[in-house]
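# predicted coordinates and the sequence they were generated for:
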Amino acid sequence: MKIAIITTYYPPVKSIASNRMEAMAYYLAQGQQVVVFASGQDHEQAQGNLVVKYTPEQHLLNRLKDLPSDSKWLHKIKVGTRLLLSKMLKDPLVSWKKNTLNKVIEAHQQEPFDLLISSYSPEAAHEVAIAFCKKYDDVPWVADMRDEMSTNPYLTVGKRKQLMKLESLVNEYASAITSVSLPILNDFQKLCPKVKYFEEIRNGFNHDFQPDLSASQNEVFTFGYFGTFYGTRKPHTFLEALHELKLDGTFNFRFELYGAHQNFDIPTSLKAYVMLYPSLSYLEAIKKMAEMDANVLIHPRSQQKGVFTGKLFDYLSIQKPVLALVDTTDVAAELINDMQAGYAVEFDDVKGIKEAILQLKEDWTCHQLKVGTPEQIHQLHRSFQMDRLEKLLIKMVKK
């Protein structure tokens, strides 16, 4: 089977979206021919069954991406400028879409594709796939949805209408829809009733590092946080809980953050206990997570449902408890509770956060930490998730 994957996110671009698409291409290429059409400097690379064809985007937004080294004010300036430009530029990817479509068609004419996959967001990849399907309607198309579209509660009226039109085309041309969580997938089942197949393909973790579970604990209980902060996702309620515990004199700790932007305030009382470090490579981050006594997940409650957040699967994979400040009715809390792999508490519940921290400390003292079993963790690996995807693709092509 020969598969085309269309995406604006792919390495060397660093993002959760790139990680998903790289894993999809890598694992599918273990048994199938895969050609990726991605965004990047114009060139082509090949290894085994995997070929990647890059096409430049040619717009200003790429130059304004956040860096961990950015100051608090530079971070705000970049965010504001990106928002302004996104409103001024009607379609910053218009040239990328045209050139990528030409490349997909040219490759198909040389050796036909059996199946097409594109990934949203942004919508550009789906628009290329739709244009291709209008010309070659015999090639099944899988619309991969990393995010909701018109059901996103934070859209403007104009943007929602635009995405509703795109959803109607997905409904018309797609053979299957995949998504990162069941709540998002269920929404698409209602929005796209003509689509035949629907499958939850979670992001998962993508390493084979085996943590040393016999290693001794840290002398001081150490929390880890890996990743950035933006919008309402900030650590202020967690820091407030730590501040109050520090005043009580009941808890000694360290809080180590890796790769976080300096866009939040650390209480004076905690400055000696909170350490900021540069971002790490993926495997370095995994190894460092395994050195923590617990890892902190932060995602405030919002109108959006189906949000696992990027680091949850990595946290679970190294068999250290997760302290999750999240929507306790959403999928991240559900997964942690089902696996009995940590504690989920509402982001703004400082009292509940304090209680969870104290319970963690008690578990740590008694050497009875909550972690997932090897069997549970195996099912969260990217390879397991992509095996589910490959089975779906094979079924689609045989039909």
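Noted; the coordinates are in hand. Worth saying up front: this structure is predicted, and the values here are computed from it rather than measured.
# now L242: closest residue in space that isn't a chain neighbour?
Of all residues not flanking L242 in the chain, L270 sits nearest, at 6.0 Å (Cβ to Cβ, 6 or more residues apart in numbering). In short, each C-beta sits where N, CA and C put it, glycine included.
# number of residues surrounding the one you found?
15 (other Cβ atoms under 10 Å).
# ok, it touching A241?
No - between L270 and A241 there is no contact under Cβ atoms under 8 Å: 10.6 Å.
# shared neighbours, the two?
Overlap of the contact sets of L270 and A241 (by Cβ atoms under 8 Å, 6 or more residues apart in numbering) is empty.
# mind checking pLDDT for K398?
According to the prediction, K398 has pLDDT 81.
# which outside residues touch stretch 207-221?
In contact with stretch 207-221 (Cβ under 8 Å, 6+ apart) are residues 251-254, 282-283, 286-287, 290-294, 314, 317-320, 360-361, 364, 367.
# buried stuff in that stretch?
211, 221 (16 or more other Cβ atoms under 10 Å).
# kindly report the same for stretch 217-237.
Of the residues in stretch 217-237, those buried (16+ other Cβ under 10 Å) are 221-229, 233-237.
# next, D114: phi, psi?
phi -90, psi -20 (degrees, to the nearest 10).
# in contact with it, which residues?
Taking Cβ under 8 Å, 6+ apart as the test, what D114 contacts is 1-3, 139-140, 397.
# sort these by pLDDT and name the bottom one.
V397 (91).
# that residue sits in which helix or strand?
helix 382-398 (DSSP states H and E).
# which other helices and strands does that helix contact?
Applying 3 or more Cβ pairs under 8 Å, 6 or more residues apart in numbering; DSSP states H and E, we find helix 382-398 packed against helix 16-28, strand 115-120, strand 141-145, strand 176-179, strand 197-200.
# tilt between the first one and helix 382-398?
In terms of direction (axes from the mean of the first three to the mean of the last three Cα atoms, to 10 degrees), helix 16-28 departs from helix 382-398 by 70 degrees.
# after helix 16-28, which helix or strand is next?
Next element after helix 16-28 (DSSP H and E): strand 33-39.
# got the contact list for the following helix or strand past that following strand?
For strand 33-39, the following helix or strand on the C-terminal side (DSSP H and E) is strand 44-47. With Cβ under 8 Å, 6+ apart as the test, strand 44-47 has contacts from 51-54.
# can you add mean neighbour count and mean pLDDT and give the helices and strands packed on helix 382-398 back as JSON lines?
Formatted as JSON lines, the helices and strands packed on helix 382-398 follow (neighbours: other Cβ atoms under 10 Å; pLDDT from 0 to 100):
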{"stretch": "helix 16-28", "mean neighbour count": "22", "mean pLDDT": "94"}
{"stretch": "strand 115-120", "mean neighbour count": "25", "mean pLDDT": "97"}
{"stretch": "strand 141-145", "mean neighbour count": "26", "mean pLDDT": "98"}
{"stretch": "strand 176-179", "mean neighbour count": "23", "mean pLDDT": "98"}
{"stretch": "strand 197-200", "mean neighbour count": "16", "mean pLDDT": "97"}
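# can the buried residues of stretch 217-237 go into CSV with extra columns for secondary structure and distance to Q385?
Supplementary listing: the buried residues of stretch 217-237 in CSV, determined by DSSP: H, G, I helix; E, B strand; the rest coil; distance: Cβ to Cβ, whole Å:
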residue, secondary structure, distance to Q385
F221, strand, 33
T222, strand, 30
F223, strand, 28
G224, strand, 24
Y225, strand, 25
F226, strand, 21
G227, coil, 20
T228, coil, 24
F229, coil, 27
R233, strand, 24
K234, coil, 30
P235, coil, 29
H236, helix, 33
T237, helix, 32
